[in-house]
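1. Model the structure of this input:
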Amino acid sequence: MKKINYTLNNENIIISYHTIPLDLTQPYIEVADDVNIIVGLDKVINGELIKDTEKEYKINRIAELKQLLSNSDYQALKHADGVLTDEEYESMRIQRQLWREEINELEQN
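-> Numbering: from 1, shown residues only. Just a heads-up that it's a prediction; the model follows:
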């Protein structure tokens with residue numbers, strides 16, 4: 001278990017936190033060592049950490065999809081430069097479009 005000091009906004013959402021140095025005169029909570037605090041998303045209510053797992057999933061999935069797009073940029077550039085033919089690039093173009101559509105859907109909901 002670890003103890004963390006935190007600061008909340010008026011909606012009880014964590015806007016900052018720290019573990020070192022721990023100030024026991026300020027608000028703190030104890031959480032499991034493997035718990036990740038997400039600033040701007042996680043809340044503290046009645047001394048308990050409340051995680052919004054649906055929003056956390058969306059944030060993580062969007063980051064994962066953006067990384068996939070970034071990792072495949074080189075193929076888009078090769079196609080733009082004429083190194084890959086339309087046929088060679090087509091399956092990647094379709095996949096990249098599906099990733100962008102999923103990102104848009106997650107960001108809208």
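
2. nearest spatial neighbour of Val31, skipping sequence neighbours?
-> Closest residue to Val31 in three dimensions, ignoring its sequence neighbours and counting by C-beta to C-beta, 6 or more residues apart in numbering: Leu49, at 5.5 Å. (Each C-beta comes from the backbone N, C-alpha and C, glycine too.)

3. Ok, Met92 next?
-> Of all residues not flanking Met92 in the chain, Gln75 sits nearest, at 5.0 Å (C-beta to C-beta, 6+ apart).

4. ok, the one you found - contacts?
-> For Gln75, the contact set (C-beta atoms under 8 Å, 6 or more residues apart in numbering) comprises Leu84, Tyr89, Met92.

5. got the domain boundaries for the protein?
-> Annotated domains of the chain cover 2-51, 54-108 [automatic domain parsing].

6. Output the ones you listed in CSV, with mean pLDDT appended to each entry.
-> Listed next are these as CSV, based on pLDDT from 0 to 100:
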stretch, mean pLDDT
domain 2-51, 94
domain 54-108, 95
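
7. tell me the SS of Ile14?
-> Put simply, Ile14 is strand when judged by DSSP: H, G, I helix; E, B strand; the rest coil.

8. oh sorry, the question was meant for Asn5
-> Asn5 - assigned by three-state DSSP - is strand.

9. what's near enough to touch it?
-> Asn5 is in contact with Tyr17, His18, Thr19, Leu22, Asp23, Gln26, Pro27, Tyr28, counting by C-beta under 8 Å, 6+ apart.

10. wouldn't the third one be in contact with Tyr28 here?
-> No: counting by C-beta atoms under 8 Å, Tyr28 is not a contact partner of Thr19; they are 9.1 Å apart.

11. any shared contact partners between the two?
-> Lys3, Ile4, Asn5.

12. and the gap between the second one and Lys43?
-> This means Ile4. For Ile4, the distance to Lys43 equals 14 Å [C-beta to C-beta, to the nearest Å].
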